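Colleague: A structural model of the following input is requested.
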Amino acid sequence: MRAIRRTNTKPEIALRSALHRQGYRFRKDLRLVLNEGVKVRPDIAFTARRVAVFVDGCFWHACPEHGRDPAVNQWYWAPKLRKNVERDRAADAALAAAGWRVVRVWEHVAIPDALAAVVAELARGGSHPPDSPP
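Modeller: Purely as a prediction, here's the structure:
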């Protein structure tokens, strides 16, 4: 468990690099203290646009397509994975209540598709691409 990364995973770094190449600037692993003291750490945060991006691992967040039930130590892993999903939903709700928009991307999604999802959400908020005037 010590070797498992909480941040700077390969899919997360690839998405951040693609966003940066497009000219987007953001905060990584920013700790947000929301209403009523709820603490959330999005992988990528666009603070001015209030968009939080999470890059979820298929195993750790129980991907419906690639997630699998653990074969050993089910007594430990099943509740842990279920709590991860519940925590994700609670974080989404807390962010939405605080006026943030949430983008969740699975690690198996191709980088161009993940980039398109994030850029679409940024554009939906009325923001302009980084290289065009407002």
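Colleague: quickly note the distance from the residue nearest in space to the middle of the chain to Pro112.
Modeller: Most central in the chain under CA atoms, centre = their mean is Phe54, positioned 0.2 Å from the mean C-alpha point. Distance, Phe54 to Pro112, using CB to CB, to the nearest Å: 18 Å. (Glycine included, C-beta is placed from N, CA and C.)
Colleague: ok, the residue nearest to the centre of the chain - contacts?
Modeller: Contacts for Phe54 were tallied using CB atoms under 8 Å, 6 or more residues apart in numbering; they are 42-43, 88, 91, 102-105.
Colleague: what is the nearest of those residues to Arg49?
Modeller: Nearest to Arg49 out of the contacts of Phe54 is Val103 (CB to CB; 11.1 Å).
Colleague: coming back round to it: leaving out the residues flanking it, which one is nearest to the residue nearest to the centre of the chain?
Modeller: Arg104 (4.9 Å; CB to CB, 6 or more residues apart in numbering).
Colleague: surely the one you found is within a helix?
Modeller: No - looking at Arg104 with DSSP: H, G, I helix; E, B strand; the rest coil, it is strand, so not inside a helix.
Colleague: so it touches Ala52, yeah?
Modeller: No - when contacts are counted by CB atoms under 8 Å, Arg104 is not listed as touching Ala52 (9.2 Å).
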